[in-house]
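quick one: sequence and predicted model below, then my questions.
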Amino acid sequence: MVSPPQTPLKLGAFQLVTQRFGAFLAASVADMAMCLCCTSTGWEEVFCNADIRGAARVLWHICEDAEAPAFPPAARGSRSYAEMLLEAQNLQLVRNLDDFELELEGADAQDPLLTENYSFTSLVQRCVARRAFENAGLQLLCEAVGLSFQALPEGAEEEALKHATEEEKRAITALGLTCTHLAEDVRASKRSRES
């Protein structure tokens, strides 16, 4: 399990895992076993012991790169996890490091969220950008902070769009190869006429 990134060293380790492996949360142990690019932190573990602050921190950092791919359908949090996350809306996440953390990190160490522009609204925007939750959860979070939410394709519709995109990529590749071969044929024909 990856600890909530609440000190500079923990954040560094967390970012190494998430950036190196393109991490997201797994919905179940079976999903983690099937996919090498998930963290060892599943949704249940993130919200264990009612550590809402820790869960919000994990989501803040795991959804940091809005350009990263969306969470796969099997890795998205349910509406119930979104409801739990709502409890972080009025919590202060930034905290002072304790003596033990300061001893490990150095006397001048501080909570990484101090240097970031954390807000619950920004957390929700990050979650939407990465599709961290199913539509029902994203809609609940957006409504709570006053953001509009357009439902995204899910299930069979999402798979059909993904399949269509893959087909388009293959068609574009084939078209590119065809153009390359045609250009070579034209050049060969031109050379034979010139000789």
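Now that the structure is in, tell me what you want to look at.

and after the helix or strand bottoming out on mean pLDDT in the chain, which helix or strand comes next?
Here the helix or strand of the chain ranked lowest by mean pLDDT, DSSP states H and E is helix 29-34, holding a mean of 44. Tracing the chain past helix 29-34, the next element assigned as helix or strand by DSSP states H and E is helix 43-46.

so what secondary structure elements neighbour that next one?
Contact here means 3 or more CB pairs under 8 Å, 6 or more residues apart in numbering; DSSP states H and E; on that basis helix 43-46 packs against helix 52-62. Every residue, glycine included, has its C-beta placed from N, CA and C.

switch to 6 Å and redo it
Counting contacts by 3 or more CB pairs under 6 Å, 6 or more residues apart in numbering; DSSP states H and E, helix 43-46 is packed against no other helix or strand.

how confident was the prediction at the residue nearest to residue 125 when sequence neighbours are not counted?
Nearest non-adjacent residue to residue 125, counting by CB to CB, 6 or more residues apart in numbering: residue 147, 7.1 Å away. At residue 147, the model reports a pLDDT of 93.

give me the phi and psi for residue 147.
phi -100, psi 150 (degrees, to the nearest 10).

how close does it sit to residue 45?
Residue 147 sits at a distance of 27 Å from residue 45 (criterion: CB to CB, to the nearest Å).

repeat that for residue 170.
To residue 45, residue 170 is 38 Å away according to CB to CB.
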